[in-house]
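Undergrad: test case, fold it:
(one chain, ligands or ions: 3)
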Amino acid sequence: MAGGRFKSSTRDIPEVTSVPRHIAVIMDGNGRWARKRLMPRVAGHSRGVEALRAVIRGCIERGVEYLTVFAFSSENWRRPADEVSFLMQLFLKSLQKEVARLHENGIRFRVIGDLSRFDAQLVSIIREAESLTAANTRFHLTVAANYGGRWDILNAMSRLMARHPERRDGFSEDELAAEMSMSYAPEPDLFIRTGGEKRISNFLLWQLAYTELYFTDTLWPDFDAAALDEAIRSYHGRERRFGRTSEQLKAAVEAEGPNA
Ligand code: IPE
Ligand code: IPE
Ligand code: MG
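TA: Ligands and ions are numbered 1, 2, ... in the order given. Alright, predicted model coming up:
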């Protein structure tokens, strides 16, 4: 059960490391990046894949263990059909091109989200990539595709209820967390949203309970290693109190280190 493997931010005080262990990113601003250059919006998506490649490398070099990126939300189906189909093709092509390299670099790849609306070819390449990289432990890359935070919570609850139809007294946080799509990862330490909007847009609603939030106007295709360092620098300036007072936190750090 995931509840035992990673500490829940609401039930325990999770481990706080100087480098964020898990970074979650809303890669926003591709369309505006392209429009500023009088290019079609989708050109921004293509450039966005290059930015992601650089950020994966940057995270590995800095000792981050988990990177979770929002590639397509459950609400992005509302976009024009040609943009949606371009994004699906881009996902497919990028996977075909990159999977071998991800594997060579010891990266475990996973997709979270409802894949039932994706075409069979895309689903099969996702599943192949997941199984090819299943034994890798150096770095965990998760792509959220047709993902919605509300879907994730409802899905987890439905699974629990189906498994325990007899249960009358409800479920524990640990039981629910174990059914969530990111039960294999610690909760994100740092959330980054590029592109200037200050909202969560139905990303990891459950998992972001105590995550440090960082918003930047930088458009995703321009987000590079220096921008990543800036986000991590901002994270270093945060005091992660998890409900305690600043004095309690300082006393705990003096007594037993930052994880106390
Ligand atoms: C984010 O960039 C990528 C996806 C949502 C797929 P956008 O396409 O939202 O870019 P903007 O926000 O319109 O600039
Ligand atoms: C959020 O970006 C989803 C992804 C980056 C995949 P959007 O651009 O779709 O978010 P809203 O619509 O501005 O909230
Ligand atoms: Mg956007």
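
Undergrad: all helices for the stretch 151-260 of the chain, in order.
TA: For the stretch 151-260 of the chain, the helices defined by DSSP state H, counting those that start in this stretch occupy 173-179, 225-236, 246-256.

Undergrad: which one of those lies nearest to residue 103?
TA: Minimum separation from residue 103 across these (Cβ to Cβ) falls at helix 225-236, 22.7 Å. Any C-beta I mention is one placed from the backbone N, CA and C, and that applies to glycine too.

Undergrad: for the spatially most central residue of the chain, give its distance to ligand 1.
TA: Most central in the chain under Cα atoms, centre = their mean is residue 68, positioned 2.4 Å from the mean C-alpha point. Per Cβ to the nearest ligand atom, to the nearest Å, residue 68 is found 15 Å from ligand 1.

Undergrad: so what touches the helix or strand hosting residue 67?
TA: Assigned by DSSP states H and E, residue 67 falls within strand 66-73. With contacts defined as Cβ atoms under 8 Å, 6 or more residues apart in numbering, strand 66-73 is touched by 21-27, 52, 55-56, 59, 87, 91, 112-113, 139-148, 182, 185-186, 188, 201-204.

Undergrad: hmm, back to that, pLDDT score assigned to the residue nearest to the centre of the chain?
TA: pLDDT, residue 68: 99.

Undergrad: beta partners for it?
TA: In this structure, residue 68 bridges to residue 24, residue 142 when assessed by DSSP bridges.

Undergrad: still on that earlier bit, I'd like to know which of the contacts of strand 66-73 are buried.
TA: For the contacts of strand 66-73, a burial check counting by 16 or more other Cβ atoms under 10 Å picks out 21-27, 52, 55-56, 59, 87, 91, 112-113, 139-148, 182, 185-186, 188, 202-204.

Undergrad: report how many residues lie close to residue 64.
TA: 23 (other Cβ atoms under 10 Å).

Undergrad: in whichever helix or strand comes after the strand holding residue 67, what counts as buried?
TA: The first helix or strand that comes after strand 66-73 along the chain, using DSSP H and E, is helix 81-104. With burial defined by 16+ other Cβ under 10 Å, the residues of helix 81-104 counted as buried are 86, 87, 88, 90, 91, 92, 94, 95, 98, 99, 102, 103.

Undergrad: what sits against residue 176?
TA: Here residue 176 is in contact with 153, 156, 157, 160 (criterion: Cβ under 8 Å, 6+ apart).

Undergrad: one more time with 10 Å
TA: Going by Cβ atoms under 10 Å, 6 or more residues apart in numbering, residue 176 touches 2, 3, 153, 156, 157, 159, 160, 170, 183, 206.

Undergrad: check residue 167 too.
TA: Taking Cβ under 10 Å, 6+ apart as the test, what residue 167 contacts is 160, 161, 175.

Undergrad: ok, the first one to residue 140 distance?
TA: Shown here: residue 160 relative to residue 140, a distance of 24 Å by Cβ to Cβ, to the nearest Å.

Undergrad: same check on the second one?
TA: In this structure, residue 161 lies at 29 Å from residue 140, with Cβ to Cβ as the measure.

Undergrad: now swap in the last one and tell me
TA: Relative to residue 140, residue 175 is positioned 23 Å away (criterion: Cβ to Cβ).

Undergrad: and if you look at residue 219?
TA: 26 Å.

Undergrad: closest one to ligand 1 out of the contacts of residue 167, please.
TA: Set against ligand 1, the nearest of the contacts of residue 167 by Cβ to the nearest ligand atom is residue 160 (30.5 Å).

Undergrad: my read: the closest one touches residue 178, true?
TA: Yes - contact criterion Cβ atoms under 10 Å: residue 160 and residue 178 qualify, at 8.7 Å.
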